[in-house]
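Colleague: coords please:
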Amino acid sequence: QVQLVESGGGLVQPGGSLRLSCAASVRTFSDYDLAWFRQAPGKEREFVARINWSGSYPYYVDFARGRFTISRDNIKNMLWLQMNSLRPEDTAVYYCAARPSSGVVVVDTAGYDYWGQGTQVTVSS
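Modeller: All right, here's what the predicted structure looks like:
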């Protein structure tokens, strides 16, 4: 069983930065691939970024590549998403998710077994 708790969301101006955190309660954190998804009002939940068990292979959707950085610490059981150059269209609830490590990049929500409760990010002037 994996419990995930996100934090770090808030209101930020366009062009600003936020760092989201996801704390995991799990016996062996490194057994899991981790990802960030987001869901804007009236839209489906969408993939943002994924990182493999060791943290050596991050993967990003196009809109995140170059602006967002996913990272993890397997000692602290933590996942982060550093978001820079934020835009109003980045406004959404951001979720962290986990699945048993498989060596495959999974971008579908159905591929993840464990989810946090989400943290709201609002980008507005």
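
Colleague: skipping its backbone neighbours, what lies nearest R45 in space?
Modeller: With Cβ to Cβ, 6 or more residues apart in numbering as the criterion, R45 has its nearest non-adjacent residue at 4.2 Å, and that residue is Q39. For every residue, glycine as well, the C-beta is placed using N, CA and C.

Colleague: roughly how far apart are the one you found and S30?
Modeller: 27 Å (Cβ to Cβ, to the nearest Å).

Colleague: what's the answer for L86, then?
Modeller: Where S30 is concerned, L86 sits at a distance of 30 Å (Cβ to Cβ).

Colleague: the residue nearest to R45 and G55, how far apart?
Modeller: Counting by Cβ to Cβ, the gap from Q39 to G55 is 25 Å.

Colleague: kindly report the same for E89.
Modeller: For E89 relative to G55 (Cβ to Cβ), the value is 28 Å.

Colleague: these two: which is more packed in?
Modeller: G55 (15 against 10; other Cβ atoms under 10 Å).
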